[in-house]
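# With the input below, show me the fold.
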Amino acid sequence: LRRRGFKGSLRVVGEWATRRRRAEQTDAALRRIPSARTIARFMTTGRDRLTKSETVIVAAIEANVPHLVAARSQLEAFHAMIRTRNSGGLADWLERSSQGLMASFAKGVQRDRAAVEAAVTSTWSNGQTEGQITKLKLVKRQMYGRGKIDLLEARLVGAP
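Next comes the predicted model:
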């Protein structure tokens, strides 16, 4: 390289080779089809939180499967509705989502429409109750076959 007129250092060549190797790894990642779970995670994660190779994979998925792009936009619209506590657009969302990949989810939301609207607009939450139930079930599974109700009560409530 020096005979051809290259005046850079060995470090510059090493950095170039590293960038080149990483770019080739990205191309290799596109050859292997990711699992459905991985695709779902990539499609629901914000663009700013994806690595460069993951962004390239998402771009390839979007180019080849336009139905996933539509499903992601519908999902983001539903999330925005939940976060802003605005159920006004629920009817339009249900109409748009009744076709395509979100149809099954939209059908479930339509069946429980009153509950979904109440969950979106209400300030009440059953999160505390759900947390206590989860804790109770965890302790119950940990103690399966080890003791009776008195030992379970001692673990949950505390010893008298």
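
# Let me see the residues that make contact with stretch 78-86.
Stretch 78-86 is contacted by residues Ser87, Gly89, Leu90, Trp93, Ser97, Val120, Thr121 when judged by CB atoms under 8 Å, 6 or more residues apart in numbering. To be clear about C-beta, it is placed using only N, CA and C from the backbone, and glycine gets the same treatment.

# neighbours of Thr55, just the number please.
Look at Thr55: counted by other CB atoms under 10 Å, it has 14 neighbours.

# my guess is it meets Arg47, correct?
Yes. Judged on CB atoms under 8 Å, Thr55 makes contact with Arg47 at a distance of 6.8 Å.

# rewinding a little: can you tell me which of the contacts of stretch 78-86 comes closest to Ile149?
Closest approach between the contacts of stretch 78-86 and Ile149, by CB to CB: Val120, at 39.4 Å.

# And the next helix or strand past the strand or helix carrying the closest one?
Using DSSP states H and E, Val120 sits within helix 113-121. Next along the chain after helix 113-121, taking DSSP H and E as the criterion, comes helix 127-142.

# Please name every helix or strand in contact with that next one.
Under the contact definition 3 or more CB pairs under 8 Å, 6 or more residues apart in numbering; DSSP states H and E, helix 127-142 sits against helix 149-157.

# Which other helices and strands does the helix it packs on contact?
So helix 149-157, by 3+ CB pairs under 8 Å, 6+ apart, packs with helix 127-142.

# Name the residues that touch the helix it packs on?
Outside helix 127-142, the residues touching it (CB under 8 Å, 6+ apart) are Leu152, Arg155, Leu156.

# Any idea how far it is from the middle of the chain?
24 Å (CA atoms, centre = their mean, to the nearest Å).

# Tell me which two of the contacts of stretch 78-86 sit farthest apart.
Spanning the widest gap among the contacts of stretch 78-86 are Ser97 and Thr121, at 19.5 Å by CB to CB.

# Please parse this structure into its domains.
Under the assignment the TED database, the domains of the chain span 1-32, 65-124, 126-159.
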